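Undergrad: Here's my sequence, what's the structure:
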Amino acid sequence: MFDTFPIYCINLKHNEERKYYIDLQCKRKSIQFVEAVYGKKLNQDILQSLTEHSVANNYSDDLMKPNEIGCILSHI
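TA: Purely as a prediction, here's the structure:
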């Protein structure tokens, strides 16, 4: 039954070793790898804008970190 559903794996482009390892572990040819957003490489203006308008700021005084923003953007 579950063979009919696609499996997606979000992976940073530069992390080929992790991608290879996941592929071996799953032993499925239907895994679709999606390139993740590397938050540390985002433009500072984009980071500033996303951080200032984050819903998370309603719950914490800490601004979101680049890796957190990259993670969120990778999942949309």
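
Undergrad: Show me how far stretch 5-19 is from its chain's centre.
TA: 10 Å (Cα atoms, centre = their mean, to the nearest Å).

Undergrad: ok, and for it, which residues are buried?
TA: 11, 12 (16 or more other Cβ atoms under 10 Å). The way it works is simple: take the backbone N, C-alpha and C, and place the C-beta from them, glycine included.

Undergrad: in this protein, which segments are predicted with low confidence?
TA: Applying pLDDT under 70 to the chain flags residues 1-4, 28-29, 53-61.

Undergrad: one more time with 90, if that's ok
TA: Scanning the chain for pLDDT under 90 picks out 1-9, 19-33, 39-40, 42-69, 71-73, 75-76.

Undergrad: now the strands for it?
TA: 7-11, 31-35 (DSSP state E).

Undergrad: Would you reformat the ones you listed as CSV and include distance to residue 17?
TA: Below are the strands of the chain laid out as CSV (distance: least, Cβ to Cβ, whole Å):
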stretch, distance to residue 17
strand 7-11, 10
strand 31-35, 13
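
Undergrad: so which of the ones you listed gets nearest residue 18?
TA: Comparing the strands of the chain by their distance to residue 18 (Cβ to Cβ), the top pick is strand 7-11, with 6.1 Å.
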